[in-house]
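Engineer: whatever this is, show me its structure:
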Amino acid sequence: MPRSADQKCKLLVLSRFLLERSDEEHPVSLKEMIAHLRANGIAAERKSIYTDLEALRLFGLDIITVRGKRTGYFIGSRDFELPELHLLVDAVQSSRFITAKKSEELIRKLAGLASIHEAKNLSRNVFVANRIKAMNESIYLNVDRISSAMEEDREIRFTYFEWNSQKEKVLRHGGEPYQISPIGLTWDNENYYLIGFDPAAGMLKHFRVDKMLQIEQAPDSRRGKDCDFDPALYARKVFGMYGGREESVTLACREALAGVFLDRFGKDLVLRKREDDFEVTIHVEISPVFLSWLIGFGDSVRILSPESVKEDLIGLAQKAIQSNSEAL
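Structural biologist: Numbering: from 1, shown residues only. Here you go, the predicted structure:
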């Protein structure tokens, strides 16, 4: 049989057909493969398909043969198995920093890694439309610019905004640009943050990536690269990414809260058993968010030391009581 120019694409078309159309529940037959190839202008016969399937196996494609009344073939293991794709889809749709539009695009691409039959099951469980999502579509460009600056060892300049009650962007820092040495990017509390060293202040700071505008590289080389920075430790210390003075705080907690503290601070946290509760020392930055987190446990948590943090918590509670009492 004379070979057509499209014969060069035969293995590629066949492998894509198997990846898209077959899985364990939906094996495809030789007849279906031949029909698909011919529909794409590629002549094929049964004997050549056997040779092609063996070539694809040697290349690394996990093609499983199902024998019986109707012999069929399907892709066994894939780069991403269905449970893994479910995890990734769940992460995308629950991420606040990924806009609804981009979430739908990413989920479509993830579904393309499964067979068309499995993709239907992925799509049935997707709920993006009514989730609270970031409003800034430029976040992906921001991430790219930050990453490029780190690769080229440069500082970045940008303006930074907050929303007001009229849903308007209000520039911070008097509208003046920040100049920061980017150190890393981290995902915390459903938002994406840049962690960077501020040379002017001589300290680490964090910025929500979706609130950064007009990012550009500065001519200066990055400073603060040698500072002791552990992203996981930083996230544990800074509650809700609200910073403050760093303290070692010792607490007395009821036994039922052991899991809460291990989930928040990690399994290496030392819990010291007492008669009716346990004692724990945590290293955190003191902020209203951290103090509110403690208040939320009511009488199940008591601050043992330092006194200054105990006074901060009492002061915050008193301000809240006073503010709400005045409104009555």
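
Engineer: so the nearest residue to R222 once chain neighbours are set aside is in which element?
Structural biologist: Using Cβ to Cβ, 6 or more residues apart in numbering and skipping residues adjacent in sequence, the residue nearest R222 is S181, 4.1 Å away. Just so you know, the C-beta spots here come from the backbone N, C-alpha and C atoms, and that holds for glycine as well. Following DSSP states H and E, one finds S181 within strand 178-188.

Engineer: who does that strand pair up with?
Structural biologist: Take DSSP bridges as the rule and strand 178-188 pairs in its sheet with strand 154-163 (antiparallel), strand 191-198 (antiparallel).

Engineer: specify the next element, helix or strand, located C-terminal of the helix-or-strand element of the chain with minimal mean pLDDT.
Structural biologist: Confidence across the helices and strands of the chain bottoms out at helix 231-237, with a mean of 67, counting by mean pLDDT, DSSP states H and E. Next in sequence after helix 231-237, counting helices and strands by DSSP H and E, comes strand 245-254.

Engineer: quick one: average pLDDT of the helix or strand just after that next one?
Structural biologist: On the C-terminal side of strand 245-254, the closest following helix or strand by DSSP H and E is helix 258-265. Helix 258-265 shows a mean pLDDT of 84 in the predicted model.

Engineer: buried stuff in helix 258-265?
Structural biologist: 258, 261, 265 (16 or more other Cβ atoms under 10 Å).

Engineer: which one of those is nearest to S48?
Structural biologist: Relative to S48, the closest of the buried residues of helix 258-265 is F265; by Cβ to Cβ it sits at 61.5 Å.

Engineer: so the closest one is in contact with I282, correct?
Structural biologist: Yes. Counting by Cβ atoms under 8 Å, I282 is a contact partner of F265 at 5.9 Å.

Engineer: packing partners of the helix or strand hosting L291?
Structural biologist: Element membership for L291, per DSSP H and E: helix 288-295. Where contact means 3 or more Cβ pairs under 8 Å, 6 or more residues apart in numbering; DSSP states H and E, helix 288-295 is packed against helix 307-326.

Engineer: would you put the C-alpha positions of the helix it packs on in PDB?
Structural biologist: Presented in PDB, the C-alpha positions along helix 307-326 are these (Å, rounded to 0.1, in the frame of the first residue of the first chain):
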ATOM      1  CA  GLU A 307       1.700  39.700  80.200                       C
ATOM      2  CA  SER A 308       1.900  42.100  77.300                       C
ATOM      3  CA  VAL A 309       0.000  39.800  75.000                       C
ATOM      4  CA  LYS A 310      -2.600  39.200  77.700                       C
ATOM      5  CA  GLU A 311      -3.000  43.000  77.900                       C
ATOM      6  CA  ASP A 312      -3.300  43.200  74.100                       C
ATOM      7  CA  LEU A 313      -6.100  40.600  74.100                       C
ATOM      8  CA  ILE A 314      -8.000  42.300  76.900                       C
ATOM      9  CA  GLY A 315      -7.600  45.700  75.200                       C
ATOM     10  CA  LEU A 316      -8.900  44.400  71.900                       C
ATOM     11  CA  ALA A 317     -11.900  42.800  73.600                       C
ATOM     12  CA  GLN A 318     -12.700  46.000  75.600                       C
ATOM     13  CA  LYS A 319     -12.500  48.100  72.400                       C
ATOM     14  CA  ALA A 320     -14.900  45.700  70.700                       C
ATOM     15  CA  ILE A 321     -17.300  45.800  73.600                       C
ATOM     16  CA  GLN A 322     -17.200  49.600  73.900                       C
ATOM     17  CA  SER A 323     -17.700  50.000  70.100                       C
ATOM     18  CA  ASN A 324     -20.700  47.800  70.100                       C
ATOM     19  CA  SER A 325     -22.200  49.200  73.300                       C
ATOM     20  CA  GLU A 326     -22.100  52.700  71.900                       C
END
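
Engineer: what pLDDT, on average, does it get?
Structural biologist: Mean predicted confidence for helix 307-326 is 89.

Engineer: equivalent analysis for stretch 57-69, please.
Structural biologist: The predicted model gives stretch 57-69 an average pLDDT of 92.

Engineer: what sits up against it?
Structural biologist: Here stretch 57-69 makes contact (Cβ atoms under 8 Å, 6 or more residues apart in numbering) with 15, 18, 24, 27, 53, 56, 71-78.

Engineer: for I98, which non-adjacent residue is closest in space?
Structural biologist: Spatial nearest neighbour of I98, excluding adjacent residues (Cβ to Cβ, 6+ apart): V92 at 6.0 Å.

Engineer: ok, so of the buried residues of helix 258-265, who is nearest F278?
Structural biologist: A258 (6.4 Å).

Engineer: distance-wise, check the closest one relative to V270.
Structural biologist: 12 Å (Cβ to Cβ, to the nearest Å).

Engineer: same check on E279?
Structural biologist: In terms of Cβ to Cβ, E279 sits 9 Å off from V270.

Engineer: circling back to that earlier point, please report how far the residue nearest to R222 lies from E255.
Structural biologist: Distance, S181 to E255, using Cβ to Cβ: 44 Å.
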